[in-house]
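>>> just need the structure, nothing else, for what follows:
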Amino acid sequence: MTASEVQRLADIDTETLHAQLQEGPVVVLLPVGSVEPHGPHLPLGTDTYISQAVAERAAARLNERDIRTMIAPSVPYGVTDFASGFAGAISVPAAALTGFLQAIVRAYLDEGFAHVCLINNHLEPEQDQAIRAAAAPHGSRASVACPLTRRWARTLSDEFKRGNCHAGQYETSLILASHPQYVRREVAGELPALETSLADGINNGLTTFRAMGIDRAYTGAPAAATPEEGEAMLEKLSEMVLTEVQDALGRP
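Numbering: from 1, shown residues only. Got it, this is the predicted structure:
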């Protein structure tokens with residue numbers, strides 16, 4: 001594996017993997033997402049696509065630092081209760097997600113991988129808690145990279161910091177940069193900007209988008225999204241993964 005290579009575990013054969021693991025420590029990045037409504041302009045797989053794009057960039061940067069890294073197949077389901085009532089909100093219980101991810105992490109470690117980093121860009125609080133619960137039993141051999149933590153949230157866009165960022169300018173920009181073929185640009189361009197903050201709604205005890213007055217499964221400003229902003233945010237998110245992994249490994 002060279003620094004320029006980004007290897008996807010699903011694409012290689014068993015003997016190639018065995019040889020890679022015999023050569024020395026290998027980190028695996030595990031993208032986690034959801035099947036969740038993201039307005040009338042973004043796909044249901046938005047969160048998974050973002051995690052995958054972040055993993056691609058982070059793996060390349062880690063390899064350049066001689067931290068040999070592979071990308072695992074994604075886990076595309078999550079806790080999506082806030083989107084209930086909209087078509088495509090396919091939610092799993094938090095306990096089920098924790099148990100499933102914990103077993104996956106354990107399997108990778110038992111296989112001989114040095115570290116597993118779970119990359120989560122589905123920002124429902126219960127999802128974040130479930131993923132952290134899955135990583136916790138494995139100590140420094142597992143980490144979680146999620147922009148919900150203040151350390152990383154403060155590095156992202158103003159819309160993200162305000163909390164009105166579900167399928168708004170922030171997420172639409174990320175998909176324009178990573179998977180532009182899935183953006184309904186003509187629809188996004190006509191959507192009015194909404195100021196409803198998910199963070200404020202959650203702090204006020206509201207538990208669904210509809211209860212917050214979000215009636216088209218988005219808030220924020222999709223029409224203002226650009227691929228350039230998306231590229232900048234992908235760089236910030238890949239820095240998040242890079243740092244979480246290096247911290248866990250005790251690397252500068």
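
>>> who's in contact with stretch 79-91?
Counting contacts by CB atoms under 8 Å, 6 or more residues apart in numbering, the residues outside stretch 79-91 that touch it are 34-37, 44, 77-78, 92-94, 97, 122, 124, 126-127, 130, 198, 207-210, 217. C-betas here are computed from N, CA, C, even on glycine.

>>> if we go to 6 Å?
The contact list for stretch 79-91 (CB atoms under 6 Å, 6 or more residues apart in numbering) reads 34-37, 44, 94, 124, 126-127, 208-210, 217.

>>> for the residues you listed, which one is nearest Pro192?
Minimum distance to Pro192 across these is 14.2 Å, recorded for Ala217 (CB to CB).

>>> what's the burial count for Arg151?
Counted with other CB atoms under 10 Å, residues neighbouring Arg151 total 11.

>>> same deal with Val35?
The number of residues packed around Val35, counting by other CB under 10 Å, is 21.

>>> that one contacts Leu44, correct?
Yes: the pair Val35 and Leu44 passes the contact test of CB atoms under 6 Å, sitting 5.1 Å apart.

>>> ramachandran angles for Thr16?
Torsion angles at Thr16 (phi, psi; degrees, to the nearest 10) stand at phi -60, psi -40.

>>> same question for the one 5 residues further on.
Dihedral angles phi and psi of Leu21 (degrees, to the nearest 10) take the values phi -70, psi -30.

>>> what of His122?
The phi/psi pair for His122 (degrees, to the nearest 10) reads phi -100, psi 110.

>>> quick one: Ala72 from Ser34, how far?
17 Å (CB to CB, to the nearest Å).

>>> okay, these two: which has more neighbours?
A count of neighbours by other CB under 10 Å puts Ser34 above the other of Ala72 and Ser34, at 31 against 22.

>>> please name the nearest non-neighbouring residue to the residue positioned nearest the centre of the chain.
In the chain, the C-alpha closest to the average C-alpha coordinate belongs to Asn121, at a distance of 2.7 Å (CA atoms, centre = their mean). Counting by CB to CB, 6 or more residues apart in numbering, the nearest residue to Asn121 once its immediate chain neighbours are dropped is Ile50, at 4.2 Å.

>>> hey, where'd the helices end up in the stretch 1-150 of the chain?
In order along the chain, the stretch 1-150 of the chain carries the following helices (DSSP state H, counting those that start in this stretch): 14-23, 46-64, 94-111, 125-135, 150-153.

>>> nearest to Glu171, out of those?
Between Glu171 and the helices of the stretch 1-150 of the chain, the shortest separation by CB to CB is 6.0 Å, and it involves helix 46-64.

>>> quick one, the closest one and helix 125-135 angle?
Regarding helix 46-64 and helix 125-135, their directions subtend 40 degrees when assessed with axes from the mean of the first three to the mean of the last three CA atoms, to 10 degrees.

>>> just checking, what packs against helix 46-64?
Under the contact definition 3 or more CB pairs under 6 Å, 6 or more residues apart in numbering; DSSP states H and E, helix 46-64 sits against strand 27-32, strand 69-71, strand 115-120, helix 169-178, helix 227-249.

>>> let's see the first one as PDB, backbone CA atoms only.
In this case it means strand 27-32. C-alpha atoms of strand 27-32 as PDB (Å, rounded to 0.1, in the frame of the first residue of the first chain):
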ATOM      1  CA  VAL A  27      -6.300   1.400  10.600                       C
ATOM      2  CA  VAL A  28      -9.800   0.900   9.200                       C
ATOM      3  CA  LEU A  29     -12.200   3.800   8.700                       C
ATOM      4  CA  LEU A  30     -15.900   2.800   9.100                       C
ATOM      5  CA  PRO A  31     -18.400   5.300   7.500                       C
ATOM      6  CA  VAL A  32     -21.700   5.400   9.300                       C
END
